[in-house]
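> show me how the following folds:
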Amino acid sequence: MGGLRRSVCPERTWETVAARPHPRLRPGVHGYRGFRMALGRPRRRLELPIGAVTLMLGFQGSLRISDPTRPSPAADFTSVLKGLGTHAGQGEHNGSLYGVEVVLEPWVAFTLFGVAMHELAETAITPGELLGPRVHDLTDALAALPGWPERFQLLDTVLPAWAAGGPPCAPPVVAAWRELVRTGGTVPIRRLTALTGWGSRTLEKRFREQIGLPPKTAARVLRLRRALRLLARGCVPAQVAAASGYCDQAHFTRECTAMTGLPPRRLHLARTASTTALMAHDRMRGEVTSIVLTDQRPSR
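Prediction:
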């Protein structure tokens, strides 16, 4: 487990504690994040498509998740497992929430969980439905420990044990995924196919099984991830579009709106409008993964 990074608000109504996993779990496990909130008021966050799998194990409170980009019923979760997706999710709770989250590369999630990743794509589920009682056992054990260091150390022990019993991800799939990440989703799919040595149908089949989305769809998510990172750094949308592989600014605006529910400028304003220490809430360091919403609801 790496060094802890703790963020606590001045009023002590929330805290987050982040840590890197043990080196044997890297780079497939991005990190751990513990959180405890006692805000006294509801909170809403827009969770953006990030190209990673998230496992949230809740000790207290519940989270209501909906999709602001399309009509769909909201669902309540104490713990939640989310695979790769192309749409943002809106999470809302009553102000009290306590638990720990693990952020994973999709190829390592395939091995850890032992399930085809397309079963998790574009959805959020209660982890026990797919992974069985081991999730409940782990959640109870984590909740019983006295502090975050002990909890993160337990994850360092349990996750390798899960991985040891799971199916290995095919090296060509891992190589193709890493190339997509490295290029921000701009690498031509034909080049990925050549990199694996497979035919295009085999690549798509194995990618859906072990990553969750087809290569072209995963590339959309990773392009948006790069674009939002550049937008947060102060680049104007036209610059972002050119640097992120979009045809033009209009293309970027359409994709951003379709995938997050907000066009780029409104999304950036929503991100900067919050008075909260936003970076303490992002799931992945250096990436824009969440927006704490104030009084406006995301819309097209």
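> strand partners of the helix or strand harbouring Tyr98, parallel vs antiparallel please.
Element membership of Tyr98, judged by DSSP states H and E, is strand 96-104. Partners of strand 96-104 in the sheet, by DSSP bridges, are strand 29-38 (antiparallel), strand 53-60 (antiparallel).
> residues making contact with the helix or strand hosting Ala238?
Using DSSP H and E, Ala238 maps to helix 237-243. Residues outside helix 237-243 that contact it (C-beta atoms under 8 Å, 6 or more residues apart in numbering) are 226-227, 230-231, 235, 247-249, 251-253, 264-265. In short, each C-beta sits where N, CA and C put it, glycine included.
> on that earlier part again, quick check: next helix or strand after the strand holding Tyr98?
helix 106-113.
> what about whatever helix or strand comes next after that following helix, average pLDDT?
Helices and strands here follow DSSP H and E; after helix 106-113, the next one along the chain is strand 124-125. For strand 124-125, the mean per-residue pLDDT is 95.
> what is the distance between strand 124-125 and the centre of its chain?
In terms of C-alpha atoms, centre = their mean, to the nearest Å, the centre of strand 124-125 is found 13 Å from the chain centre.
> oh, and call the first residue 8 from now on, that's how I've got it
From this message on, residue numbering opens at 8, which makes the last subject strand 131-132.
> can I get the helix or strand following that strand as PDB, trimmed to CA atoms?
Using DSSP H and E, the helix or strand that follows strand 131-132 towards the C-terminus is helix 134-138. Only the C-alpha atoms of helix 134-138 are listed here, as PDB (Å, rounded to 0.1, in the frame of the first residue of the first chain):
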ATOM      1  CA  PRO A 134     -21.800  -6.700  -6.400                       C
ATOM      2  CA  GLY A 135     -23.100  -9.700  -4.600                       C
ATOM      3  CA  GLU A 136     -25.500 -10.500  -7.400                       C
ATOM      4  CA  LEU A 137     -22.600 -11.400  -9.700                       C
ATOM      5  CA  LEU A 138     -19.700 -12.100  -7.300                       C
END
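> need the pLDDT of Pro113.
For Pro113, the model assigns a pLDDT of 98.
> state the distance from Val142 to Met44.
22 Å (C-beta to C-beta, to the nearest Å).
> which stretches of the stretch 58-207 of the chain have low pLDDT?
Judged against pLDDT under 70, the stretch 58-207 of the chain has no low-scoring part.
> please enumerate the helices of the chain.
Assigned helices in the chain, in chain order: 113-120, 134-138, 140-151, 155-171, 178-189, 196-203, 207-217, 222-239, 244-250, 256-267, 271-280 (criterion: DSSP state H).
> mind listing what's buried along the fifth one?
The reference is to helix 178-189. Pro179, Val180, Val181, Ala183, Trp184, Glu186, Leu187, Val188 (16 or more other C-beta atoms under 10 Å).
> for Ala201, grab the count of nearby residues.
11 (other C-beta atoms under 10 Å).
> angles on the backbone of Asp74, please.
Torsion angles at Asp74 (phi, psi; degrees, to the nearest 10) stand at phi -110, psi 110.
> could you pull up the contacting residues of it?
His94, Ala95, Gly96, Gln97.
> residue contacts, the closest residue to Pro175 other than its chain neighbours?
Nearest residue to Pro175, sequence neighbours excluded (C-beta to C-beta, 6 or more residues apart in numbering): Thr118, at 6.1 Å. Shown in contact with Thr118 (C-beta under 8 Å, 6+ apart): Gly35, Ala170, Gly173, Pro174, Pro175, Cys176.
> and of the residues you listed, the nearest to Glu136?
Gly173 (17.8 Å; C-beta to C-beta).
> what about the closest one, neighbour count?
Gly173 has 16 nearby residues by other C-beta under 10 Å.
> what do you get for Glu211?
For Glu211, the neighbour count with other C-beta under 10 Å is 18.
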